[in-house]
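> Curious how this folds, go ahead:
(one chain, ligands or ions: 1)
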Amino acid sequence: MIKYQSTRGSVKKLTAAGAIIAGIAEDKGLYVPEEIPSLPEKFSSMRGMKYKEVAHSIIKAFFSDYTDEEMKACVSGAYDGKFEADDVVPVVKAGDAYFLELYHGRTAAFKDMALSILPYLLTTAVKKENEEAKICILTATSGDTGKAALEGFADVPGTEIVVFFPNKGVSEVQERQMVSQEGANTHVFAINGNFDDAQTGVKKIFNDDAFAEKLKETGCRLSSANSINIGRLVPQVAYYVYGYMKLIEQGVIEDGDLINVAVPTGNFGNILAAYYAKQMGVPIDKLICASNKNKVLTDFINTGRYDVRREFYMTNSPSMDILISSNLERLLYHLSGGDGMKIKELMEALDTKKSYEIDETIRAGLTDFYGGFCNVEETNEAIGRMFSENGYLIDTHTAVAYKVYEDYKKETGDTKPTLIASTASAYKFAESVCEAIGLPKQENGFAAVAALKEKTGVRVPSGLKDLEEKEIRHKDVIDINEMPEAVYNSVK
Ligand SMILES: *Cc1c(COP(=O)(O)O)cnc(C)c1O
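Predicted coordinates:
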């Protein structure tokens, strides 16, 4: 059975179920598998499998303490009837790339891929571990995680969910999706700060022992729906395996051929899942890590120094407006050969000095990654070009990945087939996308959705229809220092 240990090395190992309930480790580290399993099946025997079957096989390989029956129930609950696309994740060729369309779930962003299964994994874990407390999910969001987590956990018995998003830091559609959320156990707060402030605030609450004690009186225990939770991360590995299988089925590659993967990156969860897929044995060559103007990861990959002492920009790809990419800690742990002391040192330096530099051992492992970035004008240009040349509509985040992929190709001459992680429906960022394809400026986000539909004929995801008419149920705007109190009052 694969156990889970903290990246900072100093707490005892847990089962997958235990790690999913805990969310974050007591030493402030993140849980990682003590080994990364090999692909449970060869691609020759996977050919023709449904998404659900691939997901079952991959997630079960990591979470080996779940029985086959349990995993079957989790996967069915997550993927049956909840995605508006043929077999969950279409792989679509447009221009010179293959788009892995991860956004056909309820909230129209790729976060649904993992957040539709996390509530099932978690409630199963609670039973397996005989946990008696009510689970209170705390989530910081740059826009998409919040809604996907709310949708996943709304009215799930034995849970409460609290979401914090940056006030004025998300798109109009994203904001309305969250503040109109129904469900007696859902709690949503806008905070006066950016995503990093929200994420830091949530991490602080997790690490506050006195607060945990106080919360115990309410019968609650905290957990996380952010990608710091290993239960969020592992389900994302499945779609890279599935994407590779689809490229074989479509005759693009033969079993064993190398591909590249390009990922629009914020908190480093999605691209870390691709790295795990590579470690399992999926023939992936380069992992192309694409950032927007907040290019802290590009600089890190190119120099080995992580430095957050820089200006923070609000861009048209807000889900990537992040300076502290939590999941990088997991990669550093693996690349250091599991040196928890070293990782603790680096993360403490990040905390106190706002920067750190990696050693040669870790640096050597980074050669699997290519880092690039793209500004707002280039993002718009990529969307415009893709639409006018291929009639294919991409959102602002996916466009960042596509542009960086183009740069990579120019720079290296590498023409291997490349999967681009397509992370959101263009309708979620309708105002920006309208501008990018040359439509006149619209009055608001909802008018932009209508104009985009009119111009492109692309179907509007069900979850985004009639959003404007939905009742606003969550109106609180709070300061960062009020976050703990907001949590307590929500769950008491
Ligand atoms: C969350 C998000 C990202 C960034 O993904 P990470 O796993 O945080 O790197 C990119 N695009 C969209 C649309 C997102 O919602």
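> my read is T361 is in a helix, agree?
Yes. The assignment for T361 is a helix, going by DSSP: H, G, I helix; E, B strand; the rest coil.
> The ligand contacts on the stretch 351-492 of the chain?
Listed as neighbours of the ligand in the stretch 351-492 of the chain under the rule C-beta under 6 Å from any ligand atom: H397, T423, A424. Where C-beta positions appear, they are placed from N, C-alpha and C, glycine not excepted.
> okay, these in TSV with neighbour count and secondary structure next?
Supplementary listing: these in TSV, determined by neighbours: other C-beta atoms under 10 Å; DSSP: H, G, I helix; E, B strand; the rest coil:
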residue	neighbour count	secondary structure
H397	32	helix
T423	30	coil
A424	27	strand
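> closest to R232 among those residues?
Each of these was checked against R232 using C-beta to C-beta; the closest is T423, at 14.5 Å.
> per-residue pLDDT, that closest one?
Here, the pLDDT recorded for T423 equals 98.
> Same check on H104?
Looking at H104, the pLDDT reads 98.
> residue contacts, it?
For H104, the contact set (C-beta atoms under 8 Å, 6 or more residues apart in numbering) comprises F83, E84, A85, V88, V89, P90, D112, P461.
> Now with 7 Å, please.
Going by C-beta atoms under 7 Å, 6 or more residues apart in numbering, H104 touches F83, E84, A85, V88.
> so who does the third one touch?
So that's A85. Contacts of A85 by C-beta under 7 Å, 6+ apart are E101, H104.
> ditto for the first one
Taking C-beta under 7 Å, 6+ apart, we find F83 in contact with H104, G105.
> neighbouring contacts of stretch 122-138?
Defining contact as C-beta under 7 Å, 6+ apart, one finds that stretch 122-138 is touched by 17-18, 20-21, 66, 70, 74, 149, 153, 156, 158-162, 202, 205, 219-225, 231, 487, 491.
> I'd like the list of the residues you listed that fall within strands, please.
Judged by DSSP state E, strands contain the following of the contacts of stretch 122-138: T159, E160, I161, V162, C220, R221, L222, S223, S224.
> What distance do you get for the fifth one to the ligand?
Read it as C220. Distance, C220 to the ligand, using C-beta to the nearest ligand atom, to the nearest Å: 26 Å.
> ChimeraX command for the buried members of the contacts of stretch 122-138?
This is how ChimeraX selects the buried members of the contacts of stretch 122-138, with burial counted by 16 or more other C-beta atoms under 10 Å:
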select :17,18,20,21,66,70,74,149,153,156,159,160,161,162,202,205,220,221,222,223,224,225,231,487,491
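> Which residues of the chain lie near the ligand?
Of all the residues in the chain, those lying near the ligand are 109, 111, 144, 227, 264-270, 319-320, 397, 423-424, going by C-beta under 6 Å from any ligand atom.
> Which residue in those has the weakest pLDDT?
Lowest confidence among the residues of the chain next to the ligand: S227, with 87.
> Ramachandran angles for it?
Note on S227: backbone dihedrals following degrees, to the nearest 10 are phi -70, psi 0.
> Run a quick neighbour tally on it.
26 (other C-beta atoms under 10 Å).
> got it, and Q181?
Applying other C-beta under 10 Å, I find that Q181 has 22 neighbouring residues.
> Assign it to one of the three secondary structure states.
Applying three-state DSSP: Q181 is coil.
> Does it touch L150 like I think?
Yes. With contacts counted by C-beta atoms under 7 Å, Q181 reaches L150, the gap being 4.4 Å.
> pretty sure S116 contacts G81?
No. Applying C-beta under 7 Å, one finds S116 not in contact with G81, separated by 10.7 Å.
> how about the nearest residue to S223 once chain neighbours are set aside, what does it touch?
Leaving aside its chain neighbours, S223 sits nearest to G23 (4.1 Å; criterion: C-beta to C-beta, 6 or more residues apart in numbering). By C-beta under 7 Å, 6+ apart, the contact set of G23 is L222, S223, S224, I228, N229.
> distance of G23 from D307?
Distance check for G23 against D307: by C-beta to C-beta, to the nearest Å, it reads 28 Å.
> and what of L121?
35 Å.
> ok, those two, which is more surrounded?
Per other C-beta under 10 Å, whichever of L121 and D307 has more neighbours is L121, with 29 against 16.
> wait, what's in contact with the more buried one?
Contacts of L121 by C-beta under 7 Å, 6+ apart are I20, C74, G231.
> Now render the residues you listed as JSON lines, adding distance to K465 and pLDDT.
Listed next are these as JSON lines, based on distance: C-beta to C-beta, whole Å; pLDDT from 0 to 100:
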{"residue": "I20", "distance to K465": "33", "pLDDT": "96"}
{"residue": "C74", "distance to K465": "28", "pLDDT": "97"}
{"residue": "G231", "distance to K465": "30", "pLDDT": "97"}
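> on that earlier part again, closest to E175 among the residues of the stretch 351-492 of the chain next to the ligand?
Among these, and counting by C-beta to C-beta, the member closest to E175 is A424, at 14.7 Å.
> bridging residues for that closest one?
A109 (DSSP bridges).
> Quick one: the helices in the stretch 201-350 of the chain, in order.
209-216, 230-249, 269-280, 296-303, 328-335, 340-353 (DSSP state H, counting those that start in this stretch).
> follow-up on the earlier one: just put the ones in strands among the contacts of stretch 122-138 in TSV and tack on pLDDT.
Below are the ones in strands among the contacts of stretch 122-138 laid out as TSV (pLDDT from 0 to 100):
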residue	pLDDT
T159	93
E160	95
I161	97
V162	97
C220	92
R221	90
L222	91
S223	91
S224	89
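> that older thread, neighbour count: S116 and G81, which is higher?
S116 (25 against 7).
> Now do the more buried one against Q236, distance only.
With C-beta to C-beta as the criterion, S116 and Q236 are 12 Å apart.
> Based on its surroundings, how many neighbours for A133?
By other C-beta under 10 Å, the residues close to A133 number 16.
> In the chain, where is pLDDT below threshold?
Applying pLDDT under 70 to the chain picks out no residues at all.
> looking at this, T139 is in a helix?
No. Secondary structure of T139 (three-state DSSP): strand, not part of a helix.
> For E357, which residues are in contact?
G304, R305.
> so it bridges to which residues?
Applying DSSP bridges, one finds that E357 bridges with R305.
> Next one: it relative to G304, how far apart?
Taking C-beta to C-beta as the measure, E357 falls 6 Å from G304.
> What residues of stretch 240-252 count as buried?
The neighbour-count check on stretch 240-252 (16+ other C-beta under 10 Å) flags Y240, V241, Y242, G243, Y244, M245, K246, L247, I248, V252 as buried.
> ok, and the closest non-adjacent residue to G193?
Using C-beta to C-beta, 6+ apart, the closest residue to G193 is I480 (5.1 Å).
> Report the buried residues of stretch 36-46.
Buried residues in stretch 36-46 (16+ other C-beta under 10 Å): I36, P37, L39, F43, M46.
> For the ligand, give me its nearest residue in the stretch 1-150 of the chain.
Nearest residue of the stretch 1-150 of the chain to the ligand: D144, at 3.2 Å (C-beta to the nearest ligand atom).
> Ramachandran angles for that residue?
The phi/psi pair for D144 (degrees, to the nearest 10) is phi -100, psi -40.
> Count the neighbours of the residue nearest to it when sequence neighbours are not counted for me.
Closest residue in space to D144, ignoring its immediate chain neighbours: A109 at 3.9 Å, by C-beta to C-beta, 6+ apart. If you count neighbours by other C-beta under 10 Å, A109 ends up with 28.
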